[in-house]
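Trainee: Provided below for reference: sequence and predicted model.
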Amino acid sequence: MSKKTEHIAIIGGGIIGLGIGWQLVRRGAKVTIYEKGEIGKEASWVAGGMLAPYAEVSFEEIKLMRFGEQSLNMYPRLLDELSEDTENVPVLDSCGTLMAGIDRDDTEKLKRLCEFRKELKLDVKMVTGTEAREREPLLSPNVVSGLWLPDDAQIDNRKLLKAMKKAFEKMGGMVKDHTKVEEVEIKGEAVMSVISEEETYAADRVVVAAGCWSQQLAGIPGQQLPPIRPEKGQIITMEKTDDCQLKGIIRSPRMYLVPKEDGTLRLGATAEEQGFDKRPTAGAQKELLEHAWEMVPAIYELPLVETVAGLRPAGKDHRPIIGESDISGLYYATGHYRHGIMLMPLTVYALVDEILDEEVSDWLAPFRPQRFNAN
Ligand SMILES: Cc1cc2nc3c(=O)[nH]c(=O)nc-3n(C[C@H](O)[C@H](O)[C@H](O)COP(=O)(O)OP(=O)(O)OC[C@H]3O[C@@H](n4cnc5c(N)ncnc54)[C@H](O)[C@@H]3O)c2cc1C
């Protein structure tokens, strides 16, 4: 550590805050994570756990796709380190994504996505309905086309959160759960402390990893606050039966299905603008189930385990916001939107290097907080 660091406070115990906290304590820093509720129980818990840079890349977001690809490549290192520190570490499931289409519209969309990925030299292949069913026999006879992306992966994000919390505490990290940070105290352009309803905690570095609530902290001047809003996503968990086993991620333009190592199948997800309202709704659940049934009729018989909604932290430009702000010692790691599980390893390793070694990673250049300064 080049700068003297006494105490690092992290606001938010989701996958991003936990990951940063764990890697910081691993490197000898003194860290407390402040969490307003229970550690890891917001968006990071609800997520589908897809690590799918190739299925998710959009035409405008090549830099984000490369960031996701690099982050996915770092998962083996992260899981090895986690296994050194604790038990019950999830496996990285390199299952690939099969995008399926049921009509001409879907097929044309898949062809367009295929061409774009080929231009980027990604491993991708259009398949017929029959070939898609050879890979995933439970696909409906109505599926007429598919796009196979072998390099996507997934992980049990809930198991990962539990393992990271254990590792963080085992390595000496402090968790203050049910402790909402109300304010970050700043004096002379530098952070001094974080303030909850009950107490003031001195901190010479503060990391804001508060997900979709990152804009709600008093003390940080308005123009310096990360421009983040919540985007609601509903997801349904079902129990896999012997008759309904999928090999990997199945996506259509309307939903995705992800088989998990704990014997469940997750079906997601909506994208809704409902403010901070996290209640699942009947209509959205009905639509998700119908879309999934259209692709994989066997889900009809599956027992339902859970219906839940989470709030994705969505930035103004839908890109993450990572790095030191213009206030000395105040770092942001937020706005990971639909990709926080996938983007976690690179976010964590790059930001921890920046905090402890003052090394600014080129990977973070497109995602720094300063890009909003001129607006
Ligand atoms: C339905 C759905 C499906 C998704 N699927 C995927 C997927 O398949 N793959 C993928 O990569 N991503 C996925 N995502 C996105 C992913 O979940 C998020 O990008 C990621 O979880 C963000 O992590 P986070 O730690 O920033 O936020 P969160 O997990 O929301 O954590 C932020 C934490 O900060 C705490 N907090 C907030 N304010 C304060 C405060 N003032 N004081 C103390 N604590 C505070 C909160 O209580 C919360 O626990 C999905 C999201 C949803 C909703």
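Mentor: Okay, I see it.

Trainee: quick one, strands of the stretch 51-200 of the chain?
Mentor: 97-101, 125-128, 145-149, 153-154, 174-176, 181-187, 190-196, 200-202 (DSSP state E, counting those that start in this stretch).

Trainee: So what are the sheet partners of the third one and their directions?
Mentor: For strand 145-149, the pairing partners within the sheet under DSSP bridges are strand 97-101 (antiparallel), strand 125-128 (antiparallel).

Trainee: what sits up against it?
Mentor: By CB atoms under 8 Å, 6 or more residues apart in numbering, the list of residues contacting strand 145-149 from outside reads 52, 54-55, 96-101, 106-107, 110, 113-114, 117, 122-129, 131-132, 135. All C-beta spots, glycine's among them, are computed from the backbone N, C-alpha and C.

Trainee: Can I get it in CSV, CA atoms only?
Mentor: Only the C-alpha atoms of strand 145-149 are listed here, as CSV (Å, rounded to 0.1, in the frame of the first residue of the first chain):
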residue,chain,number,x,y,z
SER,A,145,-33.9,-21.5,-35.4
GLY,A,146,-31.1,-21.0,-32.9
LEU,A,147,-27.9,-19.2,-32.2
TRP,A,148,-25.3,-21.1,-30.3
LEU,A,149,-22.8,-19.2,-28.2
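
Trainee: Now do that strand, average pLDDT.
Mentor: Throughout strand 145-149, pLDDT has a mean value of 97.

Trainee: centre of the chain versus it, how much separation?
Mentor: 24 Å (CA atoms, centre = their mean, to the nearest Å).

Trainee: got the residues of the stretch 151-300 of the chain near the ligand?
Mentor: 180, 181, 209, 210, 211, 213, 233, 235, 268, 269 (CB under 6 Å from any ligand atom).

Trainee: let's see it at 5 Å
Mentor: With CB under 5 Å from any ligand atom as the criterion, the stretch 151-300 of the chain meets the ligand at residues 180, 181, 210, 211, 213, 233, 235, 268, 269.

Trainee: Most neighbours among the residues you listed, which one?
Mentor: residue 210 (29 neighbours; other CB atoms under 10 Å).

Trainee: Name the nearest residue to it, sequence neighbours excluded.
Mentor: Distance criterion CB to CB, 6 or more residues apart in numbering; nearest residue to residue 210, sequence neighbours excluded, is residue 12 at 3.9 Å.

Trainee: So what's the residue count around the one you found?
Mentor: Residue 12: 28 neighbours (other CB under 10 Å).

Trainee: my guess is it meets residue 216, correct?
Mentor: No. Using CB atoms under 8 Å, residue 12 makes no contact with residue 216, being 11.1 Å away.

Trainee: Now the common contact residues for these two.
Mentor: By CB under 8 Å, 6+ apart, the residues touching both residue 12 and residue 216 are residue 210.

Trainee: And the furthest pair within the residues of the stretch 151-300 of the chain next to the ligand?
Mentor: Farthest pair in these (CB to CB) is 181 and 268. Separation: 29.6 Å.

Trainee: Please list all residues in contact with the residue in the stretch 201-350 of the chain positioned nearest to the ligand.
Mentor: Distances between the stretch 201-350 of the chain and the ligand by CB to the nearest ligand atom are smallest at residue 340, namely 2.3 Å. Counting by CB under 8 Å, 6+ apart, residue 340 makes contact with 14, 15, 16, 43, 44, 47, 312, 313, 320.
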